[in-house]
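Colleague: sequence and predicted structure are below.
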Amino acid sequence: MTGPFESTTAADDSSVRSGADRTEARSDGGAVTADASAEWSRSGPALSTVLGRPILVGVVSIVVAFLTVPVVVTFVSSFAQSATGVVPRGFVTLEHWRQVLGFGDYGVRTNAMPGLAFSLAIATGGMLLNVVIGVPIAYALARYEFFARDWVNTVAILPLVPGLILGIAFVQTYPEFGRSAFGLIAGYCLLKSPYMVLTVQSSFQSMDLVRLEESARSLGASWPRTVLTIVVPHAKRGIVAGSIITWTLAAAEFNFTYMVASGSPDPFAIFLYRNISNATHLQSAAAVSVYFLIVVTAILVLQWLGSSGFTTARQR
Amino acid sequence: MSVRKSATASVRRVATLASTTARPTTERERERRRIAITCLPFFVLATVAGFVPLAMLARISLAEDTVWMTGWSLEAWRTLATTAEYRWVAWNTLWFVGLATLVSVALGVAVTHVLEKYDLPAERVVVAAVSFPIALPGIIVAYLIVVLLGRQGLVTNAVAVATGQSALDLASATAISGLLLGYVYSLLPRATMVLRGTYAEVNTQAEEAARALGASRWETFYHVTLPEIRPGIVAAAILTFRSGLAIFGTVLILQSHRVVTLQIHEETSVGSYHPDVAAAIGLVYVVFIVAFTFVGLRFVENDTVGI
């Protein structure tokens, strides 16, 4: 977004200055704005006015590079043949991907397919359970004022128990079921439910729930029918977005899985851990890239749905 | 007795409340039933998967025999209270996560400021790049830090070529600075996410006025923008600190600093199996996170806190 004050100074300035500078006057306040303050203020432009933008843009560039370069390098090097030096060489081979996905010479023991399928199934289970528990409570929190609403809200939107602790407690509490798919589904669902509740809640808050409901009720629909056929379909986008986010996060949830998983078949997160801690560099790169692909797909679908990626912060 | 009478009265009140909620006659009671119905699934799951295991954790920490859960003993808590090593671990965790929070929130403010105030050529790309790491689990973050700072790492070798030192000496992925960067990698996107929501609400007219009256950009930011985004900064700090405490995968792979999560892992691994001590640490940890969050939330409006 553009700071309006900057465009204003640029506009004021252009009325005084020649038209040649005007073409350079950028709405974001470039060098021209700095010149303008030189003309108007007594002591010349302040240091921050001259240096602020370059420094901040520099910091942001470094941050973005720090966040993206390793991801890109990992993805690219998963197609390389050897990595004896700094820069991997010998493009393009699919050997590492074949090993990771289980079509290589290494056979089924080291491949990800059963684990991947198992994890995807569990993540789907956690996601469905999340729809069942998350949508109703998001509705209650968005629609009604009630006793201890703030407390319920806090419990529902803040992941108060870390995955590691929950994992330990789980295994001890439910020795038989804790390590099964049921345990993993319940754990994933609880750990990722805040993302679902927040996303659906912001979707509910963006529409006039009371009026929508009252018109449906006044036309004779019962409350369950109103909720199921009017309210929930209106929040469809939020529910789909929440589902995608919870699904993607559950697919690679490590802390909880590490404590709970029994190893048959290995969930994807454990497979990633094995690959990262003791496989060759390029094979780890391929294993990690599998998850990158999942996340990128999820983000593209989310953006196509109109929300800006992995953001559950309320869109106002 | 009046206490007894009031106790009976409140029991009766709760019973009436329950029965009217189950069989409502007025619209108000029907609404109460709807609230109960819609909140019920969540609380069933939270009880089964959250509260009961946490109660079990308390029981384990107090058990004399941790295999069969029999007997009562304060041994684990005594160990926790008297061993200096645990205090050291707690201190390690607090300062380290605090530092990571500080760095992440400061960088988050810079990133958000640029995104909101400047017209960048590829704003959507920057937003995507900054929100992408939220979905990455700690083990992958650790791997990415190795890609940057390991012995074959890009930054390591770039610095090695520039300064003529050996890359082996420069590799810092498994040093504490590498771990700090790993924490920042996970936390910065979360801080940015909260701050973007706050920045969207900043009153730009006040900034405009300040600039028109001759304030420099820094003065405008410090005196006008900063007070407005302060709740967002506090919320981001709470969230970041809390997420930072829960990081485990990164520190498990890089293993360069003894934080609480690594300690819990150590207590439950085969060599030194102390489930009661692990449970006690876990409880202290959960209580700390909950208390910290609730105290922190007193300072901000509730709805500015996202994940």
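Modeller: Everything's here; your move. As the structure is a prediction and not an experimental result, all values here were calculated from the model.
Colleague: got the contact list for B:Ala135?
Modeller: Counting by CB atoms under 8 Å, 6 or more residues apart in numbering or on different chains, B:Ala135 touches A:248-249, A:252, A:295, A:298-299, A:310. All C-beta spots, glycine's among them, are computed from the backbone N, C-alpha and C.
Colleague: which two of these have the greatest separation?
Modeller: A:Ala252 and A:Ile299 (14.2 Å; CB to CB).
Colleague: picking up where we left off before, just the contacts of B:Ala135: which are in helices?
Modeller: A:248-249, A:295, A:298-299 (DSSP state H).
Colleague: sorry, back to before: what subset of the contacts of B:Ala135 is also close to chain B?
Modeller: When contact is defined as CB under 8 Å from any CB of the partner chain, the contacts of B:Ala135 meet chain B at A:248-249, A:252, A:295, A:298-299, A:310.
Colleague: mind putting those residues in TSV, pLDDT, distance to B:Thr21 and neighbour count included?
Modeller: Listed next are the ones next to chain B among the contacts of B:Ala135 as TSV, based on pLDDT from 0 to 100; distance: CB to CB, whole Å; neighbours: other CB atoms under 10 Å in any protein chain shown:
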residue	pLDDT	distance to B:Thr21	neighbour count
A:Thr248	88	38	25
A:Leu249	87	35	24
A:Ala252	81	41	26
A:Val295	86	43	22
A:Ala298	85	40	20
A:Ile299	81	42	21
A:Phe310	65	38	26
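Colleague: who's in contact with A:Ala117?
Modeller: By CB under 8 Å, 6+ apart, the neighbours of A:Ala117 are A:Pro265.
Colleague: A:Val232: neighbour count?
Modeller: By other CB atoms under 10 Å in any protein chain shown, the residues close to A:Val232 number 17.
Colleague: which of the helices or strands spans it?
Modeller: helix A:232-234 (DSSP states H and E).
Colleague: now B:Gly71
Modeller: strand B:70-72.
Colleague: any residues touching the helix holding A:Val232, and which ones?
Modeller: A:135, A:207, A:212, A:239.
Colleague: from A:Gly163, how far off is the nearest residue to B:Val284 once chain neighbours are set aside?
Modeller: Using CB to CB, 6 or more residues apart in numbering or on different chains and skipping residues adjacent in sequence, the residue nearest B:Val284 is B:Leu80, 7.3 Å away. The spacing between B:Leu80 and A:Gly163, counted by CB to CB, to the nearest Å, is 22 Å.
Colleague: repeat for A:Thr68
Modeller: 26 Å.
Colleague: higher neighbour count, those two?
Modeller: Shown here are A:Thr68 and A:Gly163; by other CB under 10 Å, A:Gly163 has more neighbours (28 against 18).
Colleague: that one: what's it in contact with?
Modeller: Applying CB under 8 Å, 6+ apart to A:Gly163 gives the contacts A:187, A:191, A:253-256, A:259, B:246, B:248.
Colleague: go on, B:Ser186?
Modeller: Contacts for B:Ser186 (CB under 8 Å, 6+ apart) come out as B:133, B:136, B:138, B:141, B:243-244, B:247, B:250.
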